[in-house]
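Novice: Quick one, structure for this:
(chains A and B)
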Amino acid sequence: MPTLLRMALVFGWLSILGFGGGKGIIPQMHTDSVQYGWTTSEQFSQFYTIGKLVPGPTTIFTALIGMQAAGVVGAIVATAAMFVPSSILMMVAGSMWKRFSASKWKDVVAVGLEPVIIGLVWSSVLTIGRGALHAWPAYVMAAIVTVLMIRTSVSAPLLILMGAAGGAAFLR
Amino acid sequence: MTQTTPATEPAELREATLWEIAVVFGVIAMTAFGGGQKAQIRQQLVQKKRWITDRDFIEGLEVAQVLPGPNVLNLAVFMGQRVRGTPGAIVAFLAGSVPPFLIVLAAGAFYFSPYNVPIVHAALFGAAAAAVGLTLGNAIELTQDLWPKWLNLFFMVATALAVSYFHLPLVLTLLIFGGMSMYAYYREHAKASEKT
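Specialist: Next comes the predicted model:
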């Protein structure tokens, strides 16, 4: 199958499965991207990091996977596949929103699915960690950022930039 | 002497042009990091722009969070549609996704360029370590919300093990564990409403 078509299908499918704001799709995205040879594990972790650094949804880093696999056209196809299907669902739901808001399924999905989404976030930690932590200073930095994130209100991009400074100093 | 108008009387809603929608959601997309700014969006759309009532905004936010997709982008699409129908939704979608896409593309152009010298590479490793820390911190905070309920913790741990050690595909994870977890919530909820 041509790369562009494959990417459209893979990311389009992930778009539909992106419950919990898309937090849960990272492990599957990694599996697919590595399996089809679009990125290495290491690159995947770095692209995810760039997604956390820039404004907008984290999953915008899909563009980088597409770019790595098939240039700028790949970036456009991958990003459109990631955001268009879920947005169309939202449009359809939005036009019927009175009925949606009245029904109880909303809570069942929102609250009922939460434990599974959080389990997927734990899996994402392992997925990203495998591609990102290769030396002990990296583990130390990850631990420091974890504590700072929980204990302080320092913003996510700032913590990533601190990590970058630490990396330039200690990980060469 | 006393005010006769009740303070809760809703202000009149305003019409929005497509251009306004593009500007508002473009700015939101460019200042939204990691989805922590729903209060600001609410203030902007409900109080400043007066495009939507507060009640409708909350409903829209709930639908945006329940459906798949980034919450802020979903919210933009919902608001665009509410205010100006399908063209409004399309404009809001483009405003919410194209600017971040262009920024990430610029970052990618640098990443894949010869300027990606060893020190930049080392910085990226450090940044990636920080991203692991952020994700771990997020996982810990989210788990704290589940804490006292052992059944929720069971579904969480089972999901993480199934995905990370048995490589269960996402769709099956959502169907099997998501299905069980939602059913458990549904049953508890149904029982609770039977009693009343």
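
Novice: I'd like the distance between the nearest residue to A:V109 once chain neighbours are set aside and B:A29.
Specialist: Nearest residue to A:V109 in three dimensions, chain neighbours excluded: B:V66, at 5.0 Å (CB to CB, 6 or more residues apart in numbering or on different chains). Where you see a C-beta, it was placed from the backbone N, CA and C, and this is true even at glycine. From B:V66 over to B:A29 the distance is 21 Å, taken as CB to CB, to the nearest Å.

Novice: out of those two, which sits in the more crowded spot?
Specialist: B:A29 (26 against 21; other CB atoms under 10 Å in any protein chain shown).

Novice: what separates the more buried one from chain A, distance-wise?
Specialist: The gap separating B:A29 from chain A is 5 Å, by CB to the nearest CB, to the nearest Å.

Novice: pretty sure that residue contacts B:A95?
Specialist: Yes. Using CB atoms under 8 Å, B:A29 is in contact with B:A95, at 6.5 Å.

Novice: shared neighbours, these two?
Specialist: B:A76 (CB atoms under 8 Å, 6 or more residues apart in numbering or on different chains).

Novice: Give me the pLDDT for the most centrally placed residue in chain B.
Specialist: The residue lying closest to the centre of chain B (CA atoms, centre = their mean) is B:N71, at 2.2 Å. Model confidence at B:N71, expressed as pLDDT, equals 92.

Novice: In contact with it, which residues?
Specialist: A:21, B:35, B:38, B:61, B:64-65.

Novice: want to throw those into CSV with secondary structure?
Specialist: Below are the contacts of B:N71 laid out as CSV (DSSP: H, G, I helix; E, B strand; the rest coil):
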residue, secondary structure
A:G21, helix
B:G35, coil
B:K38, helix
B:L61, helix
B:A64, helix
B:Q65, helix
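
Novice: Can you mark which positions in stretch B:85-98 are buried?
Specialist: If you call a residue buried by 16 or more other CB atoms under 10 Å in any protein chain shown, then stretch B:85-98 has these buried ones: B:88-97.

Novice: Just the mean pLDDT for that stretch, thanks.
Specialist: Across stretch B:85-98, pLDDT averages out at 95.

Novice: Can you give the distance of it from its chain's centre?
Specialist: Stretch B:85-98 sits 16 Å away from the centroid of its parent chain (CA atoms, centre = their mean, to the nearest Å).

Novice: Low-confidence stretches in chain A?
Specialist: A:97-103 (pLDDT under 70).

Novice: which residue is nearest the centroid of it?
Specialist: Against the mean C-alpha coordinate of chain A, by CA atoms, centre = their mean, the closest residue is A:T59 at 4.2 Å.

Novice: list the contacts for it?
Specialist: Counted by CB under 8 Å, 6+ apart, A:T59 has contacts A:18, A:22, A:25, A:51, A:82-83, B:70.

Novice: Let's see which of these end up in helices.
Specialist: For these, the ones inside helices are A:51, A:82-83, with DSSP state H as the criterion.

Novice: quick one: which of those is nearest to chain B?
Specialist: A:F83 (5.2 Å; CB to the nearest CB).

Novice: Identify the residue spatially nearest to the closest one, adjacent ones excluded.
Specialist: Counting by CB to CB, 6+ apart, the residue nearest A:F83 is B:S97, at 5.2 Å.

Novice: Which helix or which strand is home to the one you found?
Specialist: Taking DSSP states H and E as the criterion, B:S97 maps to helix B:71-111.

Novice: repeat for A:V154
Specialist: Here A:V154 is assigned to no helix or strand, by DSSP H and E.

Novice: my guess is it contacts A:V147, does it?
Specialist: No. Judged on CB under 8 Å, A:V154 makes no contact with A:V147 at a distance of 10.7 Å.

Novice: how about the helices of chain B, start to end?
Specialist: Secondary structure of chain B (DSSP H): helices located at B:18-31, B:38-42, B:54-66, B:71-111, B:118-146, B:150-164, B:170-173, B:179-195.
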